[in-house]
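Peer 1: what follows is a predicted structure for the sequence shown.
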Amino acid sequence: MKRTIEIIVSPAGEIHIEAVGFIGTSCKEATQALEEALGTVERSQTKPEYHQKNRRTNQQKLCA
């Protein structure tokens, strides 16, 4: 899944940032600069993906 950051501004001026396609704490790392630039975070909510671990697979190809 492609990773994106969605920024939604309501008519009342409220800003909602959503990290899509991220797993684990990488979403926090990706949105941190935006959150700091926009001001105080009033509420933060995690999705089930936040509690998953990143699975990294190392592959090696043996050449004969």
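Peer 2: Good, I have the coordinates.

Peer 1: what values do phi and psi take at the spatially most central residue of the chain?
Peer 2: Centroid-nearest residue in the chain: Cys27, 2.2 Å away (criterion: CA atoms, centre = their mean). Note on Cys27: its backbone torsions stand at phi -70, psi -40 [degrees, to the nearest 10].

Peer 1: swap in Ala37?
Peer 2: The phi and psi values for Ala37, taken as degrees, to the nearest 10, are phi -70, psi -30.

Peer 1: now do the one 4 residues further on
Peer 2: Recorded main-chain torsions at Val41 are phi -90, psi 120, according to degrees, to the nearest 10.

Peer 1: would you check how far apart it and Glu14 are?
Peer 2: Look at Val41 and Glu14: by CB to CB, to the nearest Å, they are 12 Å apart. (Glycine included, C-beta is placed from N, CA and C.)

Peer 1: now the strands for this protein?
Peer 2: For the chain, the strands defined by DSSP state E occupy 4-9, 15-20.

Peer 1: quick check, pLDDT for the nearest residue to Lys53 once chain neighbours are set aside.
Peer 2: Leaving aside its chain neighbours, Lys53 sits nearest to Gly24 (6.0 Å; criterion: CB to CB, 6 or more residues apart in numbering). We have a pLDDT of 85 for Gly24.

Peer 1: number of nearby residues for Gly24?
Peer 2: By the criterion of other CB atoms under 10 Å, Gly24 has 14 neighbours.

Peer 1: and the one 10 residues further on, by the same measure?
Peer 2: Residue crowding around Leu34 was assessed by other CB under 10 Å; the count is 13.

Peer 1: right, I'll leave it there.
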